[in-house]
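Engineer: Next come a sequence and a model predicted from it.
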Amino acid sequence: SQQGEEDPQALSIQEGENATMNCSYKTSINNLQWYRQNSGRGLVHLILIRSNEREKHSGRLRVTLDTSKKSSSLLITASRAADTASYFCATDEADSSYKLIFGSGTRLLVRP
Amino acid sequence: NAGVTQTPKFQVLKTGQSMTLQCAQDMNHEYMSWYRQDPGMGLRLIHYSVGAGITDQGEVPNGYNVSRSTTEDFPLRLLSAAPSQTSVYFCASSYSTGRETQYFGPGTRLLVL
């Protein structure tokens, strides 16, 4: 089955810096989603971008999608210590609306 | 709204024991799913349901059974627990499909000895 793969696996930055995480996937999709997981907690939805969209913003988050390269990026601007978490991309399958497949995630540490 | 709730929060089993992980949602969502999360492997889909009475397999269904008798509840059954099933289990729901925003429960941490 297809799976999004995040890069890098881990990222450590200083508070106030920007954080960029990348996701690659294998087959055609309808939507790509990004989720955040704080340590020991469930996942929280951040943003959904459709295959016909190239960029989407939500507060300090910016997501881009390049379907020709089968890749997406999540940019967190002006990071805060509270942004410390794991970030996952998730993709559906173009011919199925029932399965959402997650990548292995990027662990972000924002140092105060 | 309570959202998605899961019980228990933590469970220890011996190899061969059976148990049921409970999941409930109060958002009238049709789509519900179960994932397991292992260190460094992200979330893997176990089973999903698109409505009461309808279930299907995900990526890693072996060793797990599900049923969906009501819209609200989607229990996950381990018939004979194995150490390989030690993991954190998450239940999620959405309005109708896996393409939409998923709402996750807090998780159940399972240790099989």
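Structural biologist: Now that the structure is in, tell me what you want to look at. Model, not experiment: these values are computed from the prediction.

Engineer: ranges for the strands of chain B?
Structural biologist: Shown for chain B, the strands assigned by DSSP state E span residues B:4-7, B:10-13, B:19-25, B:31-37, B:43-51, B:54-57, B:64-66, B:76-78, B:87-94, B:103-104, B:108-112.

Engineer: again with chain A
Structural biologist: So, for chain A - with DSSP E - the strands run A:5-7, A:10-14, A:19-24, A:31-37, A:43-50, A:55-58, A:61-66, A:71-76, A:85-93, A:96-102, A:106-111.

Engineer: What parts of chain A come near chain B?
Structural biologist: Residues of chain A found near chain B (C-beta under 8 Å from any C-beta of the partner chain) are A:1, A:3, A:30-31, A:33, A:35, A:40-45, A:48, A:88, A:90, A:92, A:96-105. In short, each C-beta sits where N, CA and C put it, glycine included.

Engineer: where's the residue nearest the centre of chain B relative to residue A:60, distance?
Structural biologist: Relative to the mean C-alpha position of chain B, the nearest C-alpha, by C-alpha atoms, centre = their mean, is the one of residue B:34, at 3.0 Å. According to C-beta to C-beta, to the nearest Å, residue B:34 and residue A:60 sit 32 Å apart.

Engineer: and residue 21, how many neighbours?
Structural biologist: All of this refers to chain A. Neighbour count for residue A:21, taken as other C-beta atoms under 10 Å in any protein chain shown: 24.

Engineer: switch to chain B, that's the one I care about
Structural biologist: 23.

Engineer: Thought residue B:74 was touching it, still the case?
Structural biologist: No. The pair residue B:21 / residue B:74 is not scored as a contact, 9.6 Å apart, by C-beta atoms under 8 Å.

Engineer: Which residues are in contact with each of these two?
Structural biologist: Common contacts of residue B:21 and residue B:74, defined by C-beta atoms under 8 Å, 6 or more residues apart in numbering or on different chains, comprise B:34, B:91.

Engineer: one step back: burial-wise, tell me which of the strands of chain B comes out on top.
Structural biologist: Highest mean neighbour count among those (mean count of other C-beta atoms under 10 Å in any protein chain shown): strand B:31-37, with a mean of 26.

Engineer: and chain B, which residues reach chain A?
Structural biologist: So far as C-beta under 8 Å from any C-beta goes, chain B lies against chain A at B:4, B:31, B:33, B:35, B:40-45, B:48, B:50, B:56, B:58-59, B:90, B:92, B:97-107.

Engineer: try 7 Å
Structural biologist: Counting by C-beta under 7 Å from any C-beta of the partner chain, chain B comes close to chain A at B:40-43, B:45, B:48, B:50, B:56, B:58-59, B:90, B:97-99, B:101-102, B:104-107.
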